[in-house]
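Colleague: Kindly return the folded structure for what I paste below:
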Amino acid sequence: MSPEALPPTRRSFLRAGTAAALALTAAGCGFATDDAQAGSATAEAPIDVKVDGDLVYFNWADFVDPTVFEGFQKEYGVKVVQSNYDSMEGMAAKLNAGNRYDIIFPTAKWAQRLATGGRLRTIDHSRLRGAESVFGGYDYFADPWYDARSAHTVPFTMYKTGIGWRRDRLGDLTGSWNDLWNDKAKGKVFVLDDRDEVLGLGALKLGLDLTTGDVGDLARVTDSLRSLRPRLRGFSSDSYNNLLNGNADMTQAWSGDMAAMLAQAEDPAVFGFEVAREGAPVNSDCYAIPANAQHPGTAMLFIDYMLRPENVKKNIEYIGYPMPVRGTEDTYAALVEPFPQCVVSADDLKADLFFRNGDARAERARDAAWTEVKAG
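Modeller: Sure thing, here's the model as predicted:
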């Protein structure tokens, strides 16, 4: 298969969304408080698990195997009406604008914002036949930091951030975030088009807190990243294709995208993926049902359908990301066996290098730092 024919990165549409972030953080938790209060009673009401309409689905592009959608539609006689977002800020902006979706997939920190803001329905795990395969096999998600007792969420994927590179052009790297400053790759280096990820690599490189909101810390981070700008070809979250088509010799990348790319590359030995010794950010995506969902019953059926091991296995092979469902571990292990640096497990999450929500002052400081980094 030629590079042009390969599917895009599973997060190839991720973009910065700084203006949206500024507007959201001004509201404190990041969501319209009046709407949150109005929906709080509905959010706590138990969901009757049954078909109550077509599924209005809101997620990253190309993040579920199309055959899984087809099976769900056929079994329940419904349609999956898909929309995609280009960032977490973009997702939140759509929710704040009053758009109604039945199922969304926030990352951990955004799940916390949504739940704290009263914007998610509670999910009774006892009504999901597949819940035991998650919560009975993965203790981490029984009471995660972002959603007490996973009351509003069910985990979807896990991943970490590192550096992907072309071994055929650069040889071996040193295993540090400093590798992005490699002069041999000058002009062919990309970093993710993501505020937290880029500020995070700068912070870890300097031994600072991953999500520091301290103005002095952020000044050091931006100074360090400023020295990277002459080496950059750009900000892009399409690590998948940038490496394959030769646009990049080196790129900041998500482990799942790299696993999917390496599994489909004509010669995987050409590429490498490393986790920096200074620390690798970890994250997880969740299934969540917005408080204003019109078809929450169908959404519950969809979550349960997605938790079936046969569907999880299809999706792991399709997107390259592990999904914490007992009985599917061998599928993920087989996928990443040739690429051990891409491996992610629930144990990695315990390292607690998650991006965290700061107060309004800290978020404004991080937005300002990101604007400065992007402007060069």
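Colleague: Show me what residue 57 is bridged to.
Modeller: Under DSSP bridges, the beta-bridge partners of residue 57 are residue 82, residue 103.
Colleague: In contact with it, which residues?
Modeller: 80, 81, 82, 83, 101, 102, 103, 302 (CB atoms under 8 Å, 6 or more residues apart in numbering). For glycine as for every other residue, the C-beta is placed from the backbone atoms N, C-alpha and C.
Colleague: Kindly list the longest helix within the chain.
Modeller: Counting by DSSP state H, the longest helix found in the chain is helix 360-375.
Colleague: what helices or strands is that helix leaning on?
Modeller: Applying 3 or more CB pairs under 8 Å, 6 or more residues apart in numbering; DSSP states H and E, one finds that helix 360-375 makes contact with helix 18-25, helix 195-205, helix 215-226.
Colleague: Tell me, how many residues neighbour residue 83?
Modeller: Neighbours of residue 83 under the rule other CB atoms under 10 Å: 14.
Colleague: Which residue, other than its chain neighbours, is closest to it?
Modeller: Leaving out its chain neighbours, the residue that sits closest to residue 83 by CB to CB, 6 or more residues apart in numbering is residue 58, at 5.1 Å.
Colleague: correct me, but that neighbour touches residue 85?
Modeller: Yes: Residue 58 is within contact range of residue 85, at 6.4 Å (criterion: CB atoms under 8 Å).
Colleague: what touches both of those two?
Modeller: 91, 94.
Colleague: any idea how far the closest residue in space to residue 209 that isn't next to it in sequence is from residue 237?
Modeller: Nearest in space to residue 209, with sequence neighbours left out and distances taken as CB to CB, 6+ apart, is residue 203 at 6.4 Å. With the distance defined as CB to CB, to the nearest Å, residue 203 ends up 19 Å from residue 237.
Colleague: what about stretch 165-178, start to end distance?
Modeller: 13 Å (CA to CA, to the nearest Å).
Colleague: Likewise for stretch 245-262?
Modeller: The first residue of stretch 245-262 is 13 Å away from its last residue (CA to CA).
Colleague: I'd like the mean pLDDT over that stretch, please.
Modeller: Stretch 245-262 comes out with an average pLDDT of 92.
Colleague: how far is the helix or strand containing residue 262 from where the chain is centred?
Modeller: Taking DSSP states H and E as the criterion, residue 262 maps to helix 255-264. Chain-centre distance of helix 255-264: 15 Å, with CA atoms, centre = their mean, to the nearest Å.
Colleague: downstream neighbour of it in the secondary structure list?
Modeller: For helix 255-264, the succeeding helix or strand toward the C-terminus, using DSSP H and E, is strand 271-274.
Colleague: Which elements pack onto that next one?
Modeller: Using 3+ CB pairs under 8 Å, 6+ apart, strand 271-274 sits against strand 153-166, helix 255-264.
Colleague: okay if I get the ones you listed as JSON lines plus mean neighbour count and distance to residue 294?
Modeller: Output for the helices and strands packed on strand 271-274, formatted as JSON lines (neighbours: other CB atoms under 10 Å; distance: least, CB to CB, whole Å):
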{"stretch": "strand 153-166", "mean neighbour count": "25", "distance to residue 294": "20"}
{"stretch": "helix 255-264", "mean neighbour count": "24", "distance to residue 294": "31"}
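Colleague: Please convert those to JSON lines, extending it with distance to residue 209.
Modeller: Shown next, in JSON lines, are the helices and strands packed on strand 271-274 (distance: least, CB to CB, whole Å):
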{"stretch": "strand 153-166", "distance to residue 209": "16"}
{"stretch": "helix 255-264", "distance to residue 209": "22"}
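Colleague: where do the helices sit along the stretch 1-150 of the chain?
Modeller: Remark: helices assigned in the stretch 1-150 of the chain by DSSP state H, counting those that start in this stretch are 18-25, 33-38, 40-44, 66-76, 88-96, 108-116, 131-135.
Colleague: check contacts around the residue nearest to residue 83.
Modeller: 83, 84, 85, 91, 94, 101, 103, 104, 105.
Colleague: Of these - the most surrounded one?
Modeller: Neighbour counts for the contacts of residue 58, by other CB under 10 Å, peak at residue 104, which reaches 28 neighbours.
Colleague: And the pLDDT for the closest residue to that residue other than its chain neighbours?
Modeller: Excluding the flanking residues, the one nearest residue 104 by CB to CB, 6+ apart is residue 58, at 4.8 Å. At residue 58, the pLDDT value in this model is 97.
Colleague: how far away is residue 58 from residue 88?
Modeller: As judged by CB to CB, residue 58 and residue 88 stand 12 Å apart.
Colleague: Equivalent analysis for residue 334, please.
Modeller: Distance check for residue 334 against residue 88: by CB to CB, it reads 31 Å.
Colleague: Comparing these two, which shows the higher neighbour count?
Modeller: Using other CB under 10 Å, the more surrounded residue of residue 334 and residue 88 is residue 88, with 26 against 13.
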